[in-house]
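could you look at this predicted model? Sequence included:
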Amino acid sequence: MYSRTRIRTAAIALGVLFGLATGIGGYTFIYARGGSYLTNNPKACANRHIMKGYKSEELFEKNGRFKAELAEIAPRGEHRMSANPHGNGGLLLRDLRMPDFRKYAIEVKKPGATDAEATRAMGKFLRDVMKLNLEWLRGAGPE
(Lines give C-alpha, C1' and ligand atoms only; values in the text may rest on other atoms or scores of the structure.)
Protein backbone atom coordinates (compact mmCIF):
# COMPACT_ATOMS: atom_id res chain seq x y z
CA MET A 1 0.00 0.00 0.00
CA TYR A 2 1.08 3.57 -0.58
CA SER A 3 1.92 5.81 2.33
CA ARG A 4 -0.07 8.95 3.07
CA THR A 5 2.94 11.10 2.25
CA ARG A 6 3.23 9.56 -1.20
CA ILE A 7 -0.48 10.04 -1.90
CA ARG A 8 -0.36 13.62 -0.65
CA THR A 9 2.71 14.39 -2.82
CA ALA A 10 0.98 12.91 -5.88
CA ALA A 11 -2.18 14.92 -5.17
CA ILE A 12 -0.18 18.15 -4.84
CA ALA A 13 1.73 17.40 -8.07
CA LEU A 14 -1.52 16.73 -9.93
CA GLY A 15 -3.03 19.91 -8.52
CA VAL A 16 -0.04 21.97 -9.62
CA LEU A 17 -0.15 20.45 -13.13
CA PHE A 18 -3.90 21.07 -13.39
CA GLY A 19 -3.40 24.64 -12.21
CA LEU A 20 -0.65 25.27 -14.74
CA ALA A 21 -2.70 23.81 -17.59
CA THR A 22 -5.76 25.82 -16.58
CA GLY A 23 -3.74 29.03 -16.14
CA ILE A 24 -1.87 28.73 -19.43
CA GLY A 25 -5.02 27.70 -21.29
CA GLY A 26 -7.01 30.55 -19.78
CA TYR A 27 -4.29 33.09 -20.54
CA THR A 28 -4.07 31.88 -24.15
CA PHE A 29 -7.87 31.99 -24.54
CA ILE A 30 -8.01 35.56 -23.22
CA TYR A 31 -4.92 36.74 -25.13
CA ALA A 32 -6.22 35.29 -28.43
CA ARG A 33 -9.70 36.71 -27.76
CA GLY A 34 -11.13 33.21 -27.88
CA GLY A 35 -14.52 34.41 -26.68
CA SER A 36 -15.08 36.07 -30.07
CA TYR A 37 -15.33 32.61 -31.63
CA LEU A 38 -18.17 31.56 -29.34
CA THR A 39 -20.72 33.84 -30.98
CA ASN A 40 -22.47 33.93 -34.35
CA ASN A 41 -22.01 37.68 -34.60
CA PRO A 42 -19.49 38.28 -37.43
CA LYS A 43 -18.60 41.71 -36.02
CA ALA A 44 -17.34 40.07 -32.83
CA CYS A 45 -14.79 37.88 -34.61
CA ALA A 46 -11.25 38.82 -33.65
CA ASN A 47 -9.97 38.04 -37.16
CA ARG A 48 -12.66 39.97 -39.02
CA HIS A 49 -10.06 42.36 -40.46
CA ILE A 50 -8.28 39.39 -42.03
CA MET A 51 -11.45 37.86 -43.44
CA LYS A 52 -12.55 41.23 -44.89
CA GLY A 53 -9.52 41.09 -47.18
CA TYR A 54 -11.08 38.16 -49.04
CA LYS A 55 -14.01 40.39 -50.11
CA SER A 56 -16.50 37.59 -49.56
CA GLU A 57 -19.41 39.94 -50.29
CA GLU A 58 -18.16 40.00 -53.91
CA LEU A 59 -17.91 36.20 -54.11
CA PHE A 60 -21.06 35.05 -52.33
CA GLU A 61 -24.73 35.91 -52.49
CA LYS A 62 -26.62 37.06 -49.37
CA ASN A 63 -27.84 33.47 -48.74
CA GLY A 64 -24.23 32.20 -48.69
CA ARG A 65 -24.17 30.53 -52.12
CA PHE A 66 -21.22 31.04 -54.43
CA LYS A 67 -22.15 33.47 -57.21
CA ALA A 68 -23.22 31.66 -60.40
CA GLU A 69 -21.35 34.02 -62.75
CA LEU A 70 -18.10 33.22 -60.94
CA ALA A 71 -18.78 29.49 -60.96
CA GLU A 72 -19.12 29.69 -64.76
CA ILE A 73 -15.46 30.75 -65.03
CA ALA A 74 -14.20 27.44 -63.62
CA PRO A 75 -12.87 24.99 -66.24
CA ARG A 76 -15.01 21.99 -67.08
CA GLY A 77 -14.33 18.40 -68.18
CA GLU A 78 -10.79 17.63 -69.32
CA HIS A 79 -9.68 21.20 -68.65
CA ARG A 80 -9.92 20.75 -64.88
CA MET A 81 -6.63 20.33 -62.99
CA SER A 82 -7.72 16.98 -61.59
CA ALA A 83 -8.37 15.70 -65.12
CA ASN A 84 -4.77 16.27 -66.19
CA PRO A 85 -3.44 12.80 -67.12
CA HIS A 86 -0.03 13.66 -65.70
CA GLY A 87 -1.32 14.49 -62.26
CA ASN A 88 -4.34 12.32 -61.57
CA GLY A 89 -2.41 9.15 -60.75
CA GLY A 90 -4.08 6.73 -63.12
CA LEU A 91 -4.07 7.51 -66.83
CA LEU A 92 -0.33 7.44 -67.46
CA LEU A 93 0.85 4.61 -65.23
CA ARG A 94 4.20 3.03 -66.07
CA ASP A 95 6.33 0.49 -64.30
CA LEU A 96 9.17 2.12 -62.42
CA ARG A 97 12.55 0.53 -63.11
CA MET A 98 14.23 0.08 -59.76
CA PRO A 99 17.78 -0.82 -58.75
CA ASP A 100 18.26 -3.57 -56.18
CA PHE A 101 17.65 -1.81 -52.86
CA ARG A 102 20.03 -4.20 -51.05
CA LYS A 103 22.94 -2.50 -52.81
CA TYR A 104 22.24 0.64 -50.75
CA ALA A 105 22.06 -1.03 -47.36
CA ILE A 106 24.27 0.36 -44.62
CA GLU A 107 26.29 -2.41 -43.02
CA VAL A 108 26.01 -2.41 -39.25
CA LYS A 109 28.68 -4.65 -37.72
CA LYS A 110 28.00 -3.66 -34.13
CA PRO A 111 25.18 -1.56 -32.65
CA GLY A 112 26.20 2.06 -32.11
CA ALA A 113 29.51 1.64 -33.92
CA THR A 114 28.44 2.57 -37.46
CA ASP A 115 28.72 6.19 -38.57
CA ALA A 116 26.37 6.63 -41.52
CA GLU A 117 23.57 8.89 -42.79
CA ALA A 118 20.25 7.42 -43.90
CA THR A 119 19.51 10.53 -45.98
CA ARG A 120 22.73 10.16 -47.92
CA ALA A 121 22.06 6.47 -48.64
CA MET A 122 18.50 7.27 -49.73
CA GLY A 123 19.80 10.06 -51.95
CA LYS A 124 22.08 7.61 -53.78
CA PHE A 125 19.15 5.22 -54.21
CA LEU A 126 16.88 7.93 -55.62
CA ARG A 127 19.67 9.17 -57.90
CA ASP A 128 19.87 5.71 -59.45
CA VAL A 129 16.08 5.40 -59.73
CA MET A 130 16.10 8.65 -61.70
CA LYS A 131 18.96 7.42 -63.93
CA LEU A 132 17.02 4.25 -64.79
CA ASN A 133 13.88 6.22 -65.70
CA LEU A 134 15.27 9.44 -67.21
CA GLU A 135 13.18 9.36 -70.38
CA TRP A 136 9.92 9.96 -68.50
CA LEU A 137 10.40 10.45 -64.74
CA ARG A 138 10.74 13.98 -63.39
CA GLY A 139 11.55 15.13 -59.89
CA ALA A 140 10.84 18.41 -58.18
CA GLY A 141 12.14 19.89 -54.99
CA PRO A 142 11.91 23.10 -53.00
CA GLU A 143 15.11 24.55 -54.47
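Nice, thanks for sending it over. Numbers count the residues shown, from 1 in each chain.

contacts and neighbour counts: CA atoms only from here.
Will do.

beyond the worst-scoring helix or strand of the chain on mean pLDDT, next helix or strand please.
The helix or strand of the chain with the poorest confidence is helix 48-52; it has a mean of 69 (mean pLDDT, DSSP states H and E). Remark: after helix 48-52, the chain's next helix or strand is helix 56-59, criterion DSSP states H and E.

ok, now which ones touch Val129?
Arg97, Met98, Pro99 (C-alpha atoms under 8 Å, 6 or more residues apart in numbering).

could you dump the residues you listed to a markdown table with secondary structure?
Output for those, formatted as a markdown table (DSSP: H, G, I helix; E, B strand; the rest coil):
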| residue | secondary structure |
| --- | --- |
| Arg97 | coil |
| Met98 | coil |
| Pro99 | coil |
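
can you report phi and psi for Asn84?
For Asn84, the backbone dihedrals (degrees, to the nearest 10) come out as phi -60, psi 120.

correct me, but it touches Arg76?
No - in this structure, Asn84 is not within contact of Arg76 by C-alpha atoms under 8 Å, at 11.8 Å.

with neighbour numbers in mind, choose between these two.
Neighbours were counted for Asn84 and for Arg76 using other C-alpha atoms under 10 Å; Asn84 has more, 14 against 10.
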